[in-house]
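Engineer: Need a 3D model of the sequence below.
(one chain, ligands or ions: 2)
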Amino acid sequence: MTTHAVQLTAVSRRYGAPGTGVTALDDVGLTLARGSFTAVMGPSGSGKSTLLQCAAGLDRPTSGSVRIGGTELTGLSERRLTLLRRERIGFVFQAYNLLPALTAEQNVALPLRLAGRRPRREQVLDALRQVGLADRAGHRPDRLSGGQQQRVALARAVITRPEVLFGDEPTGALDSGSGREVLTLLRSLADDGRTVVMVTHDPLAASYADRVVFLVDGRVHGELRGAGTSVETIAASMARLETAQGTAADTPSAGTAAGTADSTAVGTSDSTAGAAC
Ligand SMILES: Nc1ncnc2c1ncn2[C@@H]1O[C@H](COP(=O)(O)OP(=O)(O)OP(=O)(O)O)[C@@H](O)[C@H]1O
Ligand SMILES: [Mg+2]
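Structural biologist: Ligands and ions are numbered 1, 2, ... in the order given. The predicted model follows:
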């Protein structure tokens with residue numbers, strides 16, 4: 001039986017009291033294949049971070065099912081969820097979130113220590129080498145540029161060899177050159193078989209992915225598939241979405257949800273499988 005890397009089924013996340021609260025995610029279905037690189041885009045407030053946090057086990061949906069590699073997350077105890085996150089999931093944030101008092105090497109070793117494992121120095125240096133920073137192992141974050149800090153955060157996120165790497169605007173705080181370095185690393189992780197999911201506002205960043213999923217008002221509102229989808233195509237879809245935000249509930253996007261994409265002809269570099277209508 002094929003197990004998908006990530007599978008969300010009818011996931012909703014509501015904040016506040018029923019009726020008066022906010023629906024951040026509304027019946028989202030999404031299946032991500034192993035080794036895929038998916039970008040999640042959408043207007044501010046459309047639910048991208050909430051989606052990522054629910055998928056990564058950092059937040060619990062109000063209803064629906066989240067599976068990572070066949071393991072159902074909903075219903076797991078906090079302890080089991082923490083263990084799963086530690087062992088099977090990596091996460092990088094826009095703000096890097098390195099511990100300022102620790103060196104790059106110590107930051108990268110941290111997830112292994114938290115898991116009760118004794119990090120081998122060679123393993124940690126190897127992770128830093130992969131992001132081109134072996135010579136900065138002894139530097140603390142305040143002596144590294146933003147791009148270098150994010151690369152350390154990436155090394156830290158993958159040191160446990162997670163099945164899925166989630167990034168919430170991982171290039172959002174970086175200049176274009178540093179951003180490209182991080183995106184190239186994410187792309188190579190996916191090419192090595194890791195599953196990568198990245199929220200971004202930037203069409204150029206999304207063009208490194210092989211699938212772009214669009215959210216509007218907490219719902220999947222179309223997608224683009226095919227590695228090498230052009231920046232212009234992604235930007236045009238985003239522009240249409242910006243105008244759709246707030247009106248999506250009135251104009252349902254029948255047939256554009258990602259769950260239907262398997263039956264859609266996809267795979268060409270500029271295919272627009274139900275894209276951002
Ligand atoms: N803890 C919370 N309590 C109440 N409402 C929340 C909470 N977190 C998010 N929301 C609301 O849920 C909706 C989706 O938020 P989310 O952070 O997922 O959006 P986003 O697409 O990541 O936006 P951005 O691009 O600005 O980061 C928004 O309306 C937001 O105000
Ligand atoms: Mg966000």
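Engineer: going forward, measure contacts between C-alpha atoms and count neighbours the same way
Structural biologist: OK.
Engineer: Residue numbers of the protein in contact with ligand 1?
Structural biologist: Taking C-alpha under 6 Å from any ligand atom as the contact definition, the chain meets ligand 1 at 15, 22, 24, 43-50.
Engineer: Take those and keep only those in strands.
Structural biologist: Using DSSP state E, the members of these that fall in strands are 15, 22, 24.
Engineer: can you pick the most crowded of the residues you listed?
Structural biologist: residue 24 (21 neighbours; other C-alpha atoms under 10 Å).
Engineer: immediately after whatever helix or strand residue 127 lives in, which helix or strand?
Structural biologist: Residue 127 is part of helix 121-130, with elements assigned from DSSP states H and E. Once helix 121-130 ends, the next helix or strand along the chain (criterion: DSSP H and E) is helix 146-158.
Engineer: circling back to that earlier point, biggest separation within the residues of the chain next to ligand 1, which pair?
Structural biologist: Pairwise distances across the residues of the chain next to ligand 1 peak at 18.7 Å for 15 and 43 (criterion: C-alpha to C-alpha).
Engineer: Might one say that residue 22 is in contact with residue 46?
Structural biologist: No. In this structure, residue 22 is not within contact of residue 46 by C-alpha atoms under 8 Å, at 11.1 Å.
Engineer: Surely residue 83 forms part of a helix?
Structural biologist: Yes. Under DSSP: H, G, I helix; E, B strand; the rest coil, residue 83 falls within a helix.
Engineer: name the helices or strands packed onto the helix or strand of the chain at the bottom of the mean pLDDT ranking?
Structural biologist: The helix or strand of the chain with the poorest confidence is helix 231-244; it has a mean of 89 (mean pLDDT, DSSP states H and E). When contacts are defined as 3 or more C-alpha pairs under 8 Å, 6 or more residues apart in numbering; DSSP states H and E, helix 231-244 packs onto helix 203-206, strand 211-216.
Engineer: most packed of those?
Structural biologist: strand 211-216 (a mean of 27; mean count of other C-alpha atoms under 10 Å).
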